[in-house]
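> Give me the fold of what follows.
(2 chains)
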Number of protein chains: 2
Amino acid sequence: MAPQIVFYDIPSTLPSKAWSPNTWKTRYALNFKGLAYKTIWLEYPDIEPLSRELGAAPTRNKPDGRPHYTLPMIHDPSTGAVVSDSTKIAEYLDATYPDTPRLMPAGTVGLHHSFEDAGYPLLAPLYPFGLPASNARLNPVSEAYFRSTREETWAKTLEDLTPKGEEDIAQWAKLKEGFGKMNEWIHASGEGSAYIMGDAPCYADIFIAGFVIWIKLVLPDKWEDMKLWHGGRWATLLRNLEKYEAVV
Amino acid sequence: MAPQIVFYDIPSTLPSKAWSPNTWKTRYALNFKGLAYKTIWLEYPDIEPLSRELGAAPTRNKPDGRPHYTLPMIHDPSTGAVVSDSTKIAEYLDATYPDTPRLMPAGTVGLHHSFEDAGYPLLAPLYPFGLPASNARLNPVSEAYFRSTREETWAKTLEDLTPKGEEDIAQWAKLKEGFGKMNEWIHASGEGSAYIMGDAPCYADIFIAGFVIWIKLVLPDKWEDMKLWHGGRWATLLRNLEKYEAVV
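Numbers count the residues shown, from 1 in each chain, chains lettered A, B, ... in the order given. Okay, here's the model as predicted:
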């Protein structure tokens, strides 16, 4: 039996610990492929030292040019590979485990990349809601790190970032519009399609689900509204992918 | 033998008459599928009356709410269908002629929609170059129509719209960046991939090619620069699709 893949995730005070939209994509991906793995929980300040120690590539550069290390990251002892970035991990898993269900079916890697570039701007209105709500669920050592880095990026306190009153209504409506666009894409693939490629989920659905479960977990009041959007499309998506939700 | 599809296009003073990026997508699509069709050339002021006469759906609404009719449009006498909008035409042709090569391979219609939503913003810097250059190639009756409608939309004359000096350099660089992103998508599908889905062209490649051939035809000086971009990717794309360029 192949040695287990190690999957690094960031813990929260939620019962399942898992919360991050980006690491959820990798958890869904590993469970979808049925690969043996174990989760190791890393607090924020420990991500960079361990990434450097394992020789992971930074996922991008910080505004000042220094390398930025992020989770998800996996370490696959059977190949020695250390891979960061949820999309790169998905591509690695498809390439390395060709006998498991494909996250990006043959020929669709390029289209998946364009999907992500179309999706991120639609999700932008979510961050002012999601970042403060996530911060409130982190353990103290991560909370301090998360707050200082995010407040630097956004040039305001997390409390000021949180939309209030009319801004809350407007931003939330803008997010609904963005999900409306994603709903159109799925709808375009067929009248009753549950997924963007039709009958079976692919990485694009997992990408969306990562954000939807983030909302469900850290913004439960907002979720009460969102689960009614677009004919219940997003609640159905999570229900359909529930079998890949296990935190192990 | 099935009766010929009628394909409506807008003529220019160019030798081949064809110029419009959107109608080029349909020409590439019809030729790619090997369907029998003939082109009927419509000057701009004739598009709306004929579309109404044939019962075509408007492709969108004008800012004032009135319906907006555009080309490409096809009329398929074998089904009676009249279809406008290059994407809808591609989907119609795939559905109606399942024994011809698919423009959007099985399962990829939703991903194609996301591809277009990612692609259009990247192409936005092209219009200030392409619109005035196209206008200069139209027959007088279309030229007057095109000028007045575009100048209303952009709230400036076509002469003022044309980027000059530093703005020319900056806008053209921005367009190159946009094509750089599309180059990354194609590259993601495989190291030596010619197309976004790998070895064979799909509608997404035809979508890009429609804009590239527009540049080649109406902006020949810019094309001299562009054909060197990204390892010659776009010149190669047109060369690969040359067999689907026939104007019939």
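
> State the pLDDT value of A:G65.
A:G65 is assigned a pLDDT of 86 by the prediction.

> Following element in sequence after the longest helix along chain A, please.
In chain A, with assignment by DSSP state H, the single longest helix is helix A:165-188. Note on helix A:165-188: by DSSP states H and E, the next helix or strand toward the C-terminus is helix A:203-218.

> on contacts alone, who are the packing partners of that next one?
Helix A:203-218 makes packing contacts with helix A:21-33, helix A:86-96, helix A:109-123, helix A:127-135, helix A:220-226, helix A:233-240, helix B:109-123 when contacts are defined by 3 or more Cβ pairs under 8 Å, 6 or more residues apart in numbering or on different chains; DSSP states H and E. C-betas here are computed from N, CA, C, even on glycine.

> Pipe those into CSV and attach mean pLDDT per row.
Listed next are the helices and strands packed on helix A:203-218 as CSV, based on pLDDT from 0 to 100:
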stretch, mean pLDDT
helix A:21-33, 98
helix A:86-96, 98
helix A:109-123, 98
helix A:127-135, 98
helix A:220-226, 98
helix A:233-240, 98
helix B:109-123, 98
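
> Now these in CSV, please, with extra columns for mean neighbour count and distance to A:S51.
Listed next are those as CSV, based on neighbours: other Cβ atoms under 10 Å in any protein chain shown; distance: least, Cβ to Cβ, whole Å:
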stretch, mean neighbour count, distance to A:S51
helix A:21-33, 24, 14
helix A:86-96, 20, 13
helix A:109-123, 22, 22
helix A:127-135, 21, 20
helix A:220-226, 14, 32
helix A:233-240, 17, 30
helix B:109-123, 22, 29
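
> Quick check: which of those is nearest to A:R102?
helix A:86-96 (5.4 Å; Cβ to Cβ).

> Please enumerate residues in contact with the closest one?
For helix A:86-96, contacts defined as Cβ atoms under 8 Å, 6 or more residues apart in numbering or on different chains pick out A:22-23, A:25-26, A:29-30, A:33, A:35, A:72-74, A:76, A:79, A:81, A:83, A:100, A:102-104, A:109, A:112-113, A:116, A:203, A:206-207, A:210.

> Between helix A:203-218 and it, find me the angle.
130 degrees (axes from the mean of the first three to the mean of the last three Cα atoms, to 10 degrees).

> Tell me, domain by domain, which residues of chain A belong where.
A:5-96, A:109-243 (automatic domain parsing).

> Could you export those domains as a markdown table, including distance to B:I196?
Shown next, in a markdown table, are these (distance: least, Cβ to Cβ, whole Å):
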| stretch | distance to B:I196 |
| --- | --- |
| domain A:5-96 | 15 |
| domain A:109-243 | 4 |
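
> Under the pLDDT cut-off, which ranges of chain A? List them.
A:1-2 (pLDDT under 70).

> Enumerate the residues of it near chain B.
Residues of chain A that fall close to chain B, judged by Cβ under 8 Å from any Cβ of the partner chain: A:105-115, A:117-119, A:181-182, A:184-190, A:193, A:196-198, A:204.

> Using JSON lines, lay out the helices and strands packed on helix A:203-218 together with distance to B:E53.
Shown next, in JSON lines, are the helices and strands packed on helix A:203-218 (distance: least, Cβ to Cβ, whole Å):
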{"stretch": "helix A:21-33", "distance to B:E53": "51"}
{"stretch": "helix A:86-96", "distance to B:E53": "49"}
{"stretch": "helix A:109-123", "distance to B:E53": "36"}
{"stretch": "helix A:127-135", "distance to B:E53": "50"}
{"stretch": "helix A:220-226", "distance to B:E53": "45"}
{"stretch": "helix A:233-240", "distance to B:E53": "39"}
{"stretch": "helix B:109-123", "distance to B:E53": "29"}
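
> of these, which approaches B:K227 most closely?
helix B:109-123 (17.2 Å).

> and that closest one, how far from the chain's centre?
13 Å (Cα atoms, centre = their mean, to the nearest Å).

> Also stretch A:6-22?
Distance, centroid of stretch A:6-22 to centroid of chain: 11 Å (Cα atoms, centre = their mean).

> before we move on, what about stretch A:137-144?
On Cα atoms, centre = their mean, the centre of stretch A:137-144 falls 19 Å from that of its chain.

> neighbouring contacts of that stretch?
A:10-14, A:19, A:43-45, A:135-136, A:146, A:217-218.

> Now do the closest residue to A:P105 other than its chain neighbours: how many residues are near it, please.
Closest residue to A:P105 apart from its sequence neighbours, by Cβ to Cβ, 6 or more residues apart in numbering or on different chains: A:C202 at 6.0 Å. As a burial measure, A:C202 scores 25 neighbours (other Cβ atoms under 10 Å in any protein chain shown).

> and what of the one 4 residues further on?
A count of nearby residues for A:I206, using other Cβ under 10 Å, gives 24.

> Contacts only, for it.
Counted by Cβ under 8 Å, 6+ apart, A:I206 has contacts A:25, A:28-29, A:32, A:90, A:103, A:241, A:244.

> Report the two of those separated the most.
A:A90 and A:L241 (14.5 Å).

> Can you tell me how far the closest residue to A:T149 other than its chain neighbours is from A:P72?
Leaving out its chain neighbours, the residue that sits closest to A:T149 by Cβ to Cβ, 6+ apart is A:Y44, at 8.0 Å. Distance, A:Y44 to A:P72, by Cβ to Cβ, to the nearest Å: 14 Å.

> of the two, who's got more company?
More crowded of A:Y44 and A:P72, by other Cβ under 10 Å: A:P72, with 26 against 20.

> isn't the more buried one right up against A:T23?
Yes - using Cβ atoms under 8 Å, A:P72 makes contact with A:T23 at a distance of 4.3 Å.

> Are there residues contacting both of those two? Which ones?
What both A:P72 and A:T23 touch, as defined by Cβ under 8 Å, 6+ apart, is the set A:7-9, A:86.

> Who wins on neighbours among those residues?
In the shared contacts of A:P72 and A:T23, the most neighbours by other Cβ under 10 Å go to A:S86, 29 neighbours.

> who touches the nearest residue to that one once chain neighbours are set aside in this structure?
Take A:S86 and drop its neighbours on the chain: the residue closest to it by Cβ to Cβ, 6+ apart is A:K25, 4.0 Å away. Residues in contact with A:K25 (Cβ under 8 Å, 6+ apart) are A:72, A:86, A:90, A:203, A:206-207, A:209-210.

> Same question for A:N61.
A:67-68.

> Quickly check the contacts of A:K25 for the two that are furthest apart.
Checking the contacts of A:K25 with Cβ to Cβ, the most distant pair is A:P72 and A:A209, at 14.4 Å.

> Need the residues that contact the longest helix of chain A.
So helix A:165-188 is contacted by A:115, A:119, A:121-126, A:128-129, A:163, A:193-196, A:208, A:222, A:225-226, A:229-230, A:233-234, B:109-114, B:117 (Cβ under 8 Å, 6+ apart).

> Flag every buried residue along that helix.
Neighbour counts over helix A:165-188 (16 or more other Cβ atoms under 10 Å in any protein chain shown) mark A:171-172, A:175, A:178-179, A:182-183, A:185-188 as buried.

> now swap in stretch A:36-48 and tell me
Applying 16+ other Cβ under 10 Å to stretch A:36-48 flags A:37, A:39, A:42-44, A:47-48 as buried.

> which one among those residues gets closest to B:E53?
Closest to B:E53, out of all of the buried residues of stretch A:36-48 and judged by Cβ to Cβ, is A:Y37, at 62.5 Å.

> Ignoring the adjacent residues along the chain, who's closest to that closest one?
Closest to A:Y37 by Cβ to Cβ, 6+ apart is A:I5, at 3.9 Å.

> Around the one you found, count how many other residues there are.
A:I5 has 24 nearby residues by other Cβ under 10 Å.
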